[in-house]
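Q: here is the input, now give the coordinates:
(one chain, ligands or ions: 3)
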Amino acid sequence: MSAVDLPADTAYGLDHLPFGVFSTEDEAPRVGVRVGDHVLDLAPVAAADGIDSAPVFAEPTLNPFLGLGRAHWEALRAWLVDLLTQEANAELVGQHLHPLAEVRLHLPIEVADYVDFYASEHHATNVGRIFRPDGAALTPNWKHLPIGYHGRAGTVVVSGTDVVRPQGQRKAPDDAAPTFGPSVRLDIEAEVGFVVAGATRLGEQVGVDSFADHVFGVVLLNDWSARDVQAWEYVPLGPFLGKSFATSVSAWVTPLQALRAARVPLPEQDPTPLPYLLGDDLPGYDLAIEVELNGTVVSRPPFASMYWSPAQMLAHLTVNGASLRTGDLFASGTVSGPERDQTGSLLERTWNGTEPVTVGDQERGFLQDGDTVVLRATATGTGGGRIALGEVTGTIRPATT
Ligand SMILES: O=C(O)/C=C/C(=O)CC(=O)CC(=O)O
Ligand SMILES: [Ca+2]
Ligand SMILES: [Mg+2]
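A: Ligands and ions are numbered 1, 2, ... in the order given. Purely as a prediction, here's the structure:
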């Protein structure tokens, strides 16, 4: 018995409870929790139950709630489970449940800084082979630190937002001079994003053991990439306009607590990293990702194969004393497993377009206008069944010329 009716096999049951921001026709965006195929409007329910922090849920982003800190997130989750478990609350809860089909979902966080890592050994090896065929696949630093760069926070968009084909300079090695125009090698990157909460001071470091104090939860993330622009611009400072035009995230943020049963050991790290990257609790997560292109699943990247733990990424991100802000977002980097059909980018999946994938009755090297990409991911929930991260979808629109 409980306050809501849920199918036994739902991926959004009481062991999940992801947070997002939604609006209904006549009311402003506010915080909601996904329960089955409904969204629970948190502010009025929390207010009715005498929760002090109820007003943070009437805000148009999760940031004010996230800023309250870990003890508060955990207490709120316990309250929510209790509320939804008791049949006596059925009327209160029922008044504030909206069918998903009747709401609009918004970007759940106001993104402060956005950082993207490069933490898959399989991905880094593949990209090294394709982009730098004459050198070693992995750069000498790769196994000593989680490589990353700062991306563009202002162009992080919510799932469902169209992506306009970027324009820019590109020059293949054999071209005499660069040309300008719409990217002809537009790609995806299937990634997992980590939502940071709680500000730190300049000069402060967040050690590997403080990961769960500073990461509220995870989103699925598509780091759209223009490979032709990227290949010409990135030496020596790294990715710039080939990545900054759009990064899509799921509308739902899955709390770290909901992923406790999905924790797995990391692959062995050899050589042993420096002490600030070592700790007793360096979780990997067994998330089964799926990349769908125009209705056909083209790849199944396994997040469990990532070399670096997100706890190591956060420790590295702050080891120089860079401070954190609530709403910071860091992404894992493209998730690729050892097999070709486990790679998280078309660059790898089609080996730079030379081995196209079959999608329905067509073939694809890179993305064409009108193509739709959907990323999905599931994991074992604490209740023993599967939970599903919010999906990330985007459709490519022609360049604005
Ligand atoms: O190795 C390179 O030159 C480029 C790598 C990427 O494009 C990957 C990137 O953005 C990080 C990642 O997603 O793993
Ligand atoms: Ca990336
Ligand atoms: Mg991007």
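
Q: show the pLDDT at S2.
A: With respect to pLDDT, S2 scores 83.

Q: correct me, but it touches L83?
A: No: look at S2 against L83 with Cβ atoms under 8 Å: they stay out of range, at 9.7 Å. Where you see a C-beta, it was placed from the backbone N, CA and C, and this is true even at glycine.

Q: quick one: which of the two has more around it?
A: A count of neighbours by other Cβ atoms under 10 Å puts L83 above the other of S2 and L83, at 21 against 17.

Q: quick one, what contacts that one?
A: L83 is in contact with 3, 45, 49, 89, 93, counting by Cβ atoms under 8 Å, 6 or more residues apart in numbering.

Q: ok, so of those, who is nearest A176?
A: V45 (64.9 Å; Cβ to Cβ).

Q: am I right that that closest one is in a helix?
A: Yes: counting by DSSP: H, G, I helix; E, B strand; the rest coil, V45 is part of a helix.

Q: state the number of residues packed around it.
A: V45 - counted by other Cβ under 10 Å - has 23 other residues nearby.

Q: okay, now the closest residue to it other than its chain neighbours: neighbour count?
A: With Cβ to Cβ, 6 or more residues apart in numbering as the criterion, V45 has its nearest non-adjacent residue at 5.1 Å, and that residue is H96. A count of nearby residues for H96, using other Cβ under 10 Å, gives 17.

Q: could you report the pLDDT at H96?
A: For H96, the predicted pLDDT is 97.

Q: give the next helix or strand downstream of the longest helix along the chain.
A: Counting by DSSP state H, the longest helix found in the chain is helix 70-85. The helix or strand immediately downstream of helix 70-85 is helix 90-95, counting by DSSP states H and E.

Q: in that next one, which residues are buried?
A: Of the residues in helix 90-95, V93 count as buried by neighbour count, 16 or more other Cβ atoms under 10 Å.

Q: show me what that helix is packed up against.
A: Judged by 3 or more Cβ pairs under 8 Å, 6 or more residues apart in numbering; DSSP states H and E, helix 90-95 is in contact with helix 42-48.

Q: contacts only, for the residue in the stretch 301-401 of the chain positioned nearest to ligand 1.
A: Ranked by Cβ to the nearest ligand atom, the top residue of the stretch 301-401 of the chain for proximity to ligand 1 is G333, at 2.8 Å. Applying Cβ under 8 Å, 6+ apart to G333 gives the contacts 116-120, 123-124, 148, 189, 191.

Q: out of those, list just those in strands.
A: 116-117, 148, 191 (DSSP state E).

Q: need the contact list for the spatially closest residue to Y307 that is not a sequence neighbour.
A: Among residues not flanking Y307 along the chain, E121 sits closest, at 4.4 Å (Cβ to Cβ, 6+ apart). E121 sits next to 138, 142, 267, 305, 307 when contact means Cβ under 8 Å, 6+ apart.

Q: could you rerun that using 10 Å?
A: Neighbouring residues of E121 by Cβ atoms under 10 Å, 6 or more residues apart in numbering: 137-138, 142-143, 267, 305-308, 336, 338.
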